[in-house]
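Engineer: I need the structure of the sequence given here:
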Amino acid sequence: MSRFVRPGLLLATIAGLAAAIWSFGAAGIGDVLAIVARLGVAGFALYCAWSLGVFAILGAAWLAAIRGEGWGRIGLFTGGRLLREAASDLLPFSQIGGIIISTRMLTAAGIGRWRVYASQIADTTTELASQLLFTLYGFGFVGVMLVGTRHLAAVRGPALAALAALVAIVALLVAAQRWMLPIAGGIARHLLPGATGATAEIDAELRATYARRGRVLLSFALNLLGWVASAGGAWVALRLMGIACPIATVLAIESLIFTLRSVAFAVPGGIGVQEAGYALIAPLLGLPLESAMALALAKRARDIAIAVPTLILWQLAEARAVTRRA
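Structural biologist: So this is what the prediction gives:
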């Protein structure tokens, strides 16, 4: 890890923790915990089960983007998406690390490495493109809700900046995939010493992947469904905590929270970004601050409950693989 990257991650983590502490402090931690307690064990289990269903959708989106794999492998790709997200949520090297180890998982299952790399690029592209569409819904909803109020002027600048950043990320990913190929090739050579011609192989796979336009569109549609379903999970959690909020409002809030986390992708786990986002956005749309922070806390608990066993199972699988090779 670069000597500049490590201090940067540390500073981002400290700033995120400070933002999270401020957010919960502003809401009143006692009130937040009282609301979260209404969820109960059964409610929390249902919330986690909903989220696992969302991962099945995301796994299908990834599977749609890869060549030569049948729908019978949906479990494998769902596991890959779980691992990618678990690493992003809990490990310090953020989203890039999640992509690397989920790629390793699929190649270990016997899928050609170049196909996996190309599918990662295509899936990430359709995921971000569908997120952009979902974000536009959120901004449109906020604009309608706040028109004629003093809050509109206050949020217009930050909202447009976040939207511009997301558009730039999507445009960069779409337009610069050839530029990314050397990076992917470098990753391949790092993971598989001796591999040569990685860039050309991935380029060929990527061209073949995008030639299947129907499957790419399906990947886009499934990723969009995944965003909506994930936001729907927040509405379910709120209902389980006894908080009534229109689902259209929850979808708008979640779309903006997702955008903030994507733009701040370098912050490990989005620590503080998610919490401060709820504290600043949700009250403007009618969701009380303490309820919003209860949702933020429930999401963190869900992330940990899903990510920890996922990473443990992955480590056990890696250990078994090492034992077989020994």
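Engineer: low-scoring stretches of the stretch 151-300 of the chain, by residue?
Structural biologist: Filtered on pLDDT under 70, the stretch 151-300 of the chain yields the residue ranges 151-160, 162-163, 165-166, 169-199, 266.
Engineer: just the helices in the chain please.
Structural biologist: With DSSP state H applied, the chain shows helices at 5-27, 29-37, 40-65, 74-90, 94-108, 113-146, 150-175, 177-191, 198-211, 213-240, 247-263, 273-281, 289-325, listed in chain order.
Engineer: what's the angle between the fifth one and helix 247-263?
Structural biologist: Think helix 94-108. Between the axis of helix 94-108 and that of helix 247-263 there is an angle of 90 degrees, by axes from the mean of the first three to the mean of the last three Cα atoms, to 10 degrees.
Engineer: Now residue 230: closest residue in space, sequence neighbours ignored.
Structural biologist: By the measure of Cβ to Cβ, 6 or more residues apart in numbering, the closest residue to residue 230 outside its immediate chain neighbours is residue 54, 5.0 Å from it. Every residue, glycine included, has its C-beta placed from N, CA and C.
Engineer: With residue 270 instead?
Structural biologist: In space, and not counting its chain neighbours, residue 270 is closest to residue 261: 4.2 Å by Cβ to Cβ, 6+ apart.
Engineer: how far away is the one you found from residue 220?
Structural biologist: Plainly put, residue 261 is 20 Å away from residue 220 if you go by Cβ to Cβ, to the nearest Å.
Engineer: Settle it for me: which of these two has more neighbours?
Structural biologist: A side-by-side neighbour count of residue 261 and residue 220, using other Cβ atoms under 10 Å, places residue 220 first with 21 against 17.
Engineer: What is the burial count for the nearest residue to that one once chain neighbours are set aside?
Structural biologist: With Cβ to Cβ, 6+ apart as the measure, residue 126 is the residue that lies nearest to residue 220, at 4.2 Å, once sequence neighbours are left out. Neighbour count for residue 126, taken as other Cβ under 10 Å: 24.
Engineer: any idea how far residue 126 is from residue 67?
Structural biologist: Shown here: residue 126 relative to residue 67, a distance of 15 Å by Cβ to Cβ.
Engineer: what's the answer for residue 312, then?
Structural biologist: Residue 312 is 31 Å from residue 67, where distance means Cβ to Cβ.
Engineer: do residue 131 as well
Structural biologist: Taken as Cβ to Cβ, the span from residue 131 to residue 67 is 24 Å.
Engineer: Who has more neighbours out of the two?
Structural biologist: For residue 131 versus residue 67, neighbours defined as other Cβ under 10 Å are more numerous around residue 131 (21 against 16).
Engineer: need the contact list for that one.
Structural biologist: The contact partners of residue 131, taken as Cβ atoms under 8 Å, 6 or more residues apart in numbering, are 166, 223, 227, 258, 259, 262.
Engineer: got it, and residue 118?
Structural biologist: Remark: with contacts taken as Cβ under 8 Å, 6+ apart, residue 118 is in contact with 66, 67, 202, 205, 206, 208, 209.
Engineer: Show the pLDDT at it.
Structural biologist: Residue 118 is assigned a predicted lDDT (pLDDT) of 88.
Engineer: and if you look at the one 3 residues further on?
Structural biologist: Here, the pLDDT recorded for residue 121 equals 86.
Engineer: Verify the contact between it and residue 206 for me.
Structural biologist: Yes: in this structure, residue 121 is within contact of residue 206 by Cβ atoms under 8 Å, at 6.2 Å.
Engineer: and residue 284, how many residues sit next to it?
Structural biologist: The local packing count at residue 284 equals 17, with neighbours defined by other Cβ under 10 Å.
Engineer: Going forward, the N-terminal residue is numbered 617.
Structural biologist: Renumbered: residue one is now 617, and that last one reads residue 900.
Engineer: My guess is it contacts residue 758. True?
Structural biologist: Yes: taking contact to mean Cβ under 8 Å, the distance of 7.5 Å between residue 900 and residue 758 places them in contact.
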